[in-house]
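Engineer: predicted coordinates and the sequence they were generated for:
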Amino acid sequence: MKRLLGALLLLMGLGLAGPSLAGEEGEGPLLRHWMVGLQSASIKHSDHDVFAHPSLPGQEVDHWGQGAGLMFGRRFGQRFILGLQLAAANHELAQADWDLMDVEALITGTVLWRAEDTLQPFLRGGFGGGGAVLYLPDDQGNVFSFGTVANAGGGLNLRLSSRFSLEVEALATFNNFLEVRNESDDPRFPAEESWQVRTSRQGWRLGAGVLFWF
């Protein structure tokens with residue numbers, strides 16, 4: 001993750017010296033409207049005790065999780081992009097046979113500065129849903145705590161051509177958990193299929209990826 005971020009930042013630095021990308025017949029930059037992207041994601045949260053049960057997750061959790069994400073969006077005008085962002089990151093636990101994964105799905109709005117230039121800073125914010133999924137060993141199922149998710153932050157976009165760009169982002173994240181679904185067969189956990197939880201947490205998400213415009 002760190003190497004990828006460093007490489008993208010280096011490319012963006014080199015792009016500062018480059019001219020704006022010319023459009024067809026020299027009439028200015030060619031801006032395409034639709035976008036799909038793939039990114040690596042690194043997610044950190046302040047707390048993982050989000051299941052309203054003393055046995056969950058019941059062990060030490062690596063606060064930084066590593067994963068990936070997908071992005072879809074449409075440009076409106078030159079500066080605003082309305083998008084859908086999906087991300088998932090896996091956290092290592094003290095017991096290697098348990099898995100804890102963060103999942104997010106958000107509607108995002110992105111505002112570009114210097115939208116016609118090669119290097120484009122941006123602000124981004126989003127709102128949606130997500131949560132934490134604890135996968136139990138030996139195919140015993142999972143326990144899923146979910147609720148609302150919001151994020152806010154910004155980043156840099158390096159426009160390589162009218163069709164390709166590279167992007168890095170840093171976002172503050174906020175989770176508000178509402179309910180836990182028990183899809184496991186473990187007798188230590190409540191027999192109910194679901195129970196309420198009222199807790200919140202905050203954290204960070206770092207991302208780096210490539211966007212394809214069409």
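Structural biologist: It's in.
Engineer: quick check: the residue nearest the centre of the chain vs residue 57, distance?
Structural biologist: Centroid-nearest residue in the chain, with CA atoms, centre = their mean: residue 87, separated by 4.2 Å. Using CB to CB, to the nearest Å, residue 87 is found at 20 Å from residue 57. C-beta coordinates here come from the backbone N, C-alpha and C atoms, glycine included.
Engineer: can you check residue 111 too?
Structural biologist: Using CB to CB, one gets 37 Å for the distance from residue 111 to residue 57.
Engineer: who has more neighbours out of these two?
Structural biologist: Higher neighbour count among residue 111 and residue 57: residue 57, with 21 against 14, using other CB atoms under 10 Å.
Engineer: once you drop chain neighbours, what's closest to residue 153?
Structural biologist: In space, and not counting its chain neighbours, residue 153 is closest to residue 171: 3.6 Å by CB to CB, 6 or more residues apart in numbering.
Engineer: my guess is the one you found contacts residue 203, does it?
Structural biologist: No - contact criterion CB atoms under 8 Å: residue 171 and residue 203 do not qualify, at 9.4 Å.
Engineer: all helices for this structure, in order.
Structural biologist: For the chain, the helices defined by DSSP state H occupy 2-15.
Engineer: can you give me the strands for this structure?
Structural biologist: Ranges of strands within the chain are 34-45, 64-76, 80-91, 99-112, 119-135, 142-159, 164-182, 194-213, based on DSSP state E.
Engineer: mind putting those strands into JSON lines with mean pLDDT?
Structural biologist: Formatted as JSON lines, these follow (pLDDT from 0 to 100):
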{"stretch": "strand 34-45", "mean pLDDT": "95"}
{"stretch": "strand 64-76", "mean pLDDT": "96"}
{"stretch": "strand 80-91", "mean pLDDT": "96"}
{"stretch": "strand 99-112", "mean pLDDT": "95"}
{"stretch": "strand 119-135", "mean pLDDT": "96"}
{"stretch": "strand 142-159", "mean pLDDT": "96"}
{"stretch": "strand 164-182", "mean pLDDT": "96"}
{"stretch": "strand 194-213", "mean pLDDT": "94"}
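Engineer: make TSV out of those strands and add distance to residue 52.
Structural biologist: Below are the strands of the chain laid out as TSV (distance: least, CB to CB, whole Å):
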stretch	distance to residue 52
strand 34-45	16
strand 64-76	21
strand 80-91	19
strand 99-112	16
strand 119-135	12
strand 142-159	8
strand 164-182	6
strand 194-213	4
